[in-house]
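K.L.:
Take this sequence and fold it.
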Amino acid sequence: MQPLHNDKREAVISLLNALRTYNPSIGYFEQYLTNENFEYVIKVTNGRIRVSSSLVDDWALNPSFITEFELKHIASGFHIVNENIAPVRAMQTTSDFSSGHTPKTVKNNPGEAVLRNVLIIALIILGAIGIGFFYTKNQNENQARVEEDNRAQIRNNIASYVTAERSEFKYYPIGGISDLKITVTNNTDYSMDKVTVKVNYIKTNGELWESGS
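P.N.:
Numbers count the residues shown, from 1 in each chain. Model prediction:
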């Protein structure tokens, strides 16, 4: 068993004040200790409450690291202790080390440690799901953005991607042509429902005779 350092005292008292918001029956701080499960066992005026060492460390660093759900769960685990009933297992306290008195005892609750581990695993899983969701969403948004950029590039340079070529045709001396075919080639990855081609008919002297589509 290890005694807590005094530099955690203020963090423990601050955490107790926050827990009292969710469970007003929690008394006021008297002393604290650690057990073999890496938990802080905090003794208050009317009972005791267990908190993991990692949670106290996080609270000391930044209280916003601890969620409201966690605070409610810890507050619900408060045990009112009858002073006439002797605790079961011994835990060394800071006051025991400093005064040399016989260590006081506190009863362990393995079920609470198991429940907290389950909650931590559940939070990790939910966090992983959330990260995966946002990653997929961002990836889809990036793909949609790239797709739209590609479409804009093609629209602005359509003549470079869609070409039209004429076939050989017959020309009649008295005027007119036949067997003319226009072949349109789509060099993009997108299908086109309709393509309109403008055809200019030029006279031998170079003048425009007629246009059609």
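K.L.:
Secondary structure element for the residue most central in space within the chain, which one?
P.N.:
In the chain, the centroid-proximal residue (CA atoms, centre = their mean) is I131; its distance is 3.4 Å. Here I131 sits within helix 110-156, counting by DSSP states H and E.
K.L.:
just checking, what packs against that helix?
P.N.:
Identification of packing neighbours for helix 110-156 by 3 or more CB pairs under 8 Å, 6 or more residues apart in numbering; DSSP states H and E yields strand 47-52, helix 68-76. The way it works is simple: take the backbone N, C-alpha and C, and place the C-beta from them, glycine included.
K.L.:
most tightly surrounded among these?
P.N.:
Comparing the helices and strands packed on helix 110-156 by mean neighbour count (mean count of other CB atoms under 10 Å), strand 47-52 comes out on top with a mean of 21.
K.L.:
Could you pull up the residues touching F78?
P.N.:
Residues near F78 by CB atoms under 8 Å, 6 or more residues apart in numbering: L19, N23, S25, I26, G47, R48, I49.
K.L.:
typo on my end, it should be E210
P.N.:
N200, Y201.
K.L.:
you'd agree it is in a helix?
P.N.:
No: counting by DSSP: H, G, I helix; E, B strand; the rest coil, E210 falls outside a helix, being strand.
K.L.:
Quick check, pLDDT for it.
P.N.:
Looking at E210, its pLDDT reads 80.
K.L.:
May I have the beta-bridge partners of it?
P.N.:
With DSSP bridges as the criterion, the beta-bridge partners of E210 are Y201.
K.L.:
cool, Q31 as well?
P.N.:
K43.
K.L.:
shouldn't it be in contact with K43?
P.N.:
Yes: in this structure, Q31 is within contact of K43 by CB atoms under 8 Å, at 5.0 Å.
K.L.:
okay, the two: which has more neighbours?
P.N.:
Higher neighbour count among Q31 and K43: K43, with 21 against 17, using other CB atoms under 10 Å.
K.L.:
Please report the distance of that one from F69.
P.N.:
25 Å (CB to CB, to the nearest Å).
K.L.:
again with S53
P.N.:
19 Å.
K.L.:
So what's the model's average confidence on the helix or strand harbouring V56?
P.N.:
Assigned by DSSP H and E, V56 belongs to helix 53-61. Mean per-residue pLDDT for helix 53-61: 91.
K.L.:
Over to Y40: give its phi and psi.
P.N.:
phi -90, psi 120 (degrees, to the nearest 10).
K.L.:
Spatially nearest residue to it (excluding sequence neighbours)?
P.N.:
V51 (4.8 Å; CB to CB, 6 or more residues apart in numbering).
K.L.:
isn't that neighbour right up against V44?
P.N.:
No: V51 lies out of contact with V44 (CB under 8 Å); the separation is 12.0 Å.
K.L.:
overlap in contacts of those two?
P.N.:
With CB under 8 Å, 6+ apart as the test, V51 and V44 reach no residue in common.
K.L.:
Correct me if wrong: V199 contacts I182.
P.N.:
Yes: taking contacts as CB under 8 Å, V199 lies within contact range of I182: 6.8 Å.
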